[in-house]
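J.: the following block contains a protein sequence and its predicted model.
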Amino acid sequence: MARGRSLLAYAVTRAALGIPMLLILLTAVFFILRVLPGDPVLALWGGREPPPEVIADARIQLGLDKPPWLQYVDYMSRFFRGDLGLSIGTYYHGKSVLFEISNRLPATVELSIGSMLVATVVGVVSGLVGGAMRDSKLDVAVRLYGTIIFVIPIFWLGLIFQLVFAIGLGWFPPHGRWQGSDYPRTVTGMYTVDSLLEGNLDHFVIAVRHLVLPCLTLGLVLSGFFTKTVRANMLRTMTADYTEAARARGVPERQVVTRHAFRNALVPVITILGLQFAILFAGAVLTEKTFSIDGMGSLLLESVDSKDMTMIQGVIVVYAAIIVLISLLVDIFGAIIDPRIRL
């Protein structure tokens, strides 16, 4: 019971630290957007300047005639009620920010989960092989892969995959999330999950085929970091005292690698998963644009283009909340694996 209470106290503490992080980020984004050049009211008319009285009425309706601190108080009061406001940009003018985000978020979550699976499997396996076979030809290949793949531009790799596997070979769709009009019944908004919930294997195959190239693009680029991190930690644990002691006891080398070296090498990798998930969301913006996926990245780009301050704030807050939640889960999982983290 003591261990359970200790883990619970650690989880509560980490969760409490995430709340001020979100508030600080929200405050910073709110005021930064209001000091940047450009007028969101003028953006509503697509660059054409309407009469002064029309501009004044629009400012009053949008609440932009108030001092920034009063706008901040109004926004925060709505935020704590779960209201992210209404869009003021040309793309989604007058629509609920929360409604638009809820429509776009499933696509980004689906892409992010698939990309993280690719990055984790490829990165961990290649790092394990490279660390266990130090200075071999395979290790040299792993090091080259980890260095090159991490610096390749995401949009360039996505275009190459489209040209080769979609247009050239015709194996996968070149863009979008779906083909045809027979969509799966919406439950979560993620087509793969909704297809499984309705028990339609054909729909599931269609959804997966559309995800393969985007997830490979984003996942392979991110896998370079995991490859280098896992390999570096494997080199450290392969020569640690506990692995040498296992060898001295006659433990087979395969078990030394998998049970002793590999398990301990994963602890710091799990710890930095939250940071990498943040990078993955940033890369999702370029991936969604390359593959014409209507996700959060496309929504953010359109909002920036139309100077839609409320939509930009809402998207960034949701991004931050997801990252804080993932970081919390990673911290808790790390504390379960290594109880010393809770001390």
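T.: Ah, there it is.
J.: in this protein, which residue is closest to the centre?
T.: Centroid-nearest residue in the chain: Phe281, 2.9 Å away (criterion: CA atoms, centre = their mean).
J.: let me see the confidence value for that residue.
T.: pLDDT recorded at Phe281 is 71.
J.: can you name the next helix or strand after the host helix or strand of it?
T.: Assigned by DSSP states H and E, Phe281 belongs to helix 273-290. Following helix 273-290 in sequence order, the next helix or strand is helix 296-305 (DSSP H and E).
J.: name the next helix or strand downstream of that following helix, please.
T.: Next along from helix 296-305, by DSSP H and E: helix 309-337.
J.: so what does that following helix touch, helix or strand wise?
T.: With contacts defined as 3 or more CB pairs under 8 Å, 6 or more residues apart in numbering; DSSP states H and E, the packing partners of helix 309-337 are helix 2-35, helix 97-132, helix 263-271, helix 273-290, helix 296-305. C-beta: built from backbone N, CA, C; applies to glycine.
J.: just how off-centre is that helix within its chain?
T.: In terms of CA atoms, centre = their mean, to the nearest Å, the centre of helix 309-337 is found 9 Å from the chain centre.
J.: same question, stretch 116-132
T.: Computed by CA atoms, centre = their mean, the chain-centroid distance of stretch 116-132 equals 19 Å.
J.: stretch 199-217 too?
T.: Relative to the mean C-alpha coordinate of its chain, stretch 199-217 is positioned 19 Å out (CA atoms, centre = their mean).
J.: buried set for that stretch?
T.: Neighbour-count burial for stretch 199-217, counted by 16 or more other CB atoms under 10 Å, picks out 200, 203-204, 206-207, 210-217.
J.: ok, stretch 12-21 next?
T.: Under the neighbour-count criterion of 16+ other CB under 10 Å, stretch 12-21 has Arg14, Gly18 buried.
J.: just for the stretch 1-150 of the chain, where's the confidence low?
T.: Scanning the stretch 1-150 of the chain for pLDDT under 70 picks out 1-5, 37-55, 57-58, 61-63, 89-94.
J.: at 80 instead, please
T.: Under the criterion pLDDT under 80, the flagged ranges of the stretch 1-150 of the chain are 1-18, 33-68, 82-95, 131-135.
J.: tell me the pLDDT of the closest residue to Arg134 other than its chain neighbours.
T.: Spatial nearest neighbour of Arg134, chain neighbours left out: Leu235 (6.3 Å); criterion: CB to CB, 6 or more residues apart in numbering. The model reports Leu235 with a pLDDT of 77.
J.: now do Leu216
T.: In the predicted model, Leu216 carries a pLDDT score of 91.
J.: wait, Met296 sits on Val317?
T.: No: Met296 is not in contact with Val317 according to CB atoms under 8 Å; the separation is 11.5 Å.
J.: show me which of the two is the more surrounded one.
T.: Taking neighbours as other CB atoms under 10 Å, Met296 and Val317 compare with Met296 leading, 27 against 20.
J.: now do the contacts for that one.
T.: With contact set as CB atoms under 8 Å, 6 or more residues apart in numbering, Met296 has these partners: Ile101, Arg104, Leu105, Ala107, Thr108, Phe281, Ala284, Val285, Glu288, Val315, Val318, Tyr319.
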